[in-house]
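Participant: Make a model of this:
(2 chains)
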There are 2 protein chains.
Amino acid sequence: MSSLPATVPAIAASPLIASDIVRGTCRLLAAHGHGTLTEVTLRTGRRVDVMALAPDGSITVVEVKSSVQDFRSDRKWRDYLEFCDRFFFAVGEGFPHDILPDEPGLIVADRFGAAILREAPEARLAPARRKALTLKFALLGSQRLTRTLDPEAC
Amino acid sequence: MSSLPATVPAIAASPLIASDIVRGTCRLLAAHGHGTLTEVTLRTGRRVDVMALAPDGSITVVEVKSSVQDFRSDRKWRDYLEFCDRFFFAVGEGFPHDILPDEPGLIVADRFGAAILREAPEARLAPARRKALTLKFALLGSQRLTRTLDPEAC
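Facilitator: The predicted model follows:
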């Protein structure tokens, strides 16, 4: 979706925390017209870091890995594949790419933006799953917006 | 969806502005599990005051009328019927109900909440229209949330 930015922010060499990578990733996706939500709990009980919905209805899941230890403690990333059309890992600069599996897409992010280093293969969702996920996404986004704008609402 | 509240806030007798009626209406809908968005522009170019999405996927549109003049200047409410399963007018206390058409549902609201005085008849959307509206709702809600949380994002 994007080439590497021409300039790298000076802060990029600082240690990144997961929320920085999430923010930069969401900015990249938003710049391509996607709606994004963070920390979306699936019906399996697992929680994805970023879920994005494209104008064509396709769904992307991004799992953020802020450290090698964070990645090594996660043995279940394949469980996310059935909940999206495309799956990416997102890491900060300096993360050793060679420990990541080749199969998913790869995003490198900082607090201010991100770039796709490797596109994710597409595995299209079944229509019923897509319908359910889109409805969930629509409810969750609008309810979070309402709570942000009117915190006393239910 | 709701009976009249047992207590009527003291402010209810004050003149209401449209944004008060919108807020109370959204609170009522949120209390019933709906996601709500305000000021949603349809592909016809017309803008609905409130669009709500229920957990079962059904879509409600609410048109707010803050004054008799506001209602009399609107000859096009029937144009909204093809974009929802249920259509309501929402008014403040003291609005003369007898000038409103009998066909739509009727909500009476103040700044703090709302009650349904008359349920809206259901006219189910065609599947393709529902799919398109749900996708639009999901994108709009998440994009507004992102802009609220990270104003510098695209």
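Participant: Pull up the residues of chain A that are close to chain B.
Facilitator: Contact residues, chain A versus chain B (C-beta under 8 Å from any C-beta of the partner chain): A:23, A:26-27, A:30-31, A:35-37, A:53, A:55, A:57, A:131, A:134-135, A:137-146, A:148-150, A:153-154. Placement of C-beta: from N, CA and C, glycine included.
Participant: The same query, at a cut-off of 6 Å, please.
Facilitator: Contacts of chain A with chain B, taken as C-beta under 6 Å from any C-beta of the partner chain, map to A:27, A:30-31, A:35-37, A:53, A:57, A:134-135, A:137-139, A:141-146, A:148, A:153-154.
Participant: Quick one, which of the residues you listed are buried?
Facilitator: Buried members of these, counted by 16 or more other C-beta atoms under 10 Å in any protein chain shown: A:27, A:30, A:35-37, A:53, A:57, A:134-135, A:137-139, A:141-146, A:153.
Participant: can you pull up the bridge partners for the residue lying closest to A:Ile107 once chain neighbours are set aside?
Facilitator: Once flanking residues are discounted, A:Ile107 sits nearest to A:Ala90: 4.0 Å by C-beta to C-beta, 6 or more residues apart in numbering or on different chains. Beta-bridge pairing for A:Ala90 (DSSP bridges): A:Val64, A:Ile107.
Participant: mind listing which of the residues of chain A next to chain B are in strands?
Facilitator: Counting by DSSP state E, the part of these found in strands is A:35-37, A:53.
Participant: and the nearest residue to A:Glu119 once chain neighbours are set aside, what does it touch?
Facilitator: Counting by C-beta to C-beta, 6+ apart, A:Glu119 lies nearest to A:Gly105, which is 5.4 Å off, once chain neighbours are set aside. A:Gly105 sits next to A:88, A:118-120 when contact means C-beta atoms under 6 Å, 6 or more residues apart in numbering or on different chains.
Participant: Apply 8 Å and report the result again.
Facilitator: A:Gly105 makes contacts with A:86-89, A:116, A:118-121, as judged by C-beta atoms under 8 Å, 6 or more residues apart in numbering or on different chains.
Participant: Sheet-wise, list the partners of the one helix or strand A:Ala115 maps to with their directions.
Facilitator: Taking DSSP states H and E as the definition, A:Ala115 sits inside strand A:113-118. Here strand A:113-118 is paired, per DSSP bridges, with strand A:105-110 (antiparallel).
Participant: pretty sure A:Arg144 is touching B:Thr146, no?
Facilitator: No. Using C-beta atoms under 8 Å, A:Arg144 makes no contact with B:Thr146, being 10.2 Å away.
Participant: ok, back up a step: tell me which residues in the strand holding A:Ala115 are buried?
Facilitator: So, applying 16+ other C-beta under 10 Å, buried residues of strand A:113-118: A:113-116, A:118.
Participant: Take these and write them to TSV, including pLDDT.
Facilitator: As requested, the buried residues of strand A:113-118 are arranged in TSV below (pLDDT from 0 to 100):
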residue	pLDDT
A:Gly113	96
A:Ala114	98
A:Ala115	98
A:Ile116	98
A:Arg118	97
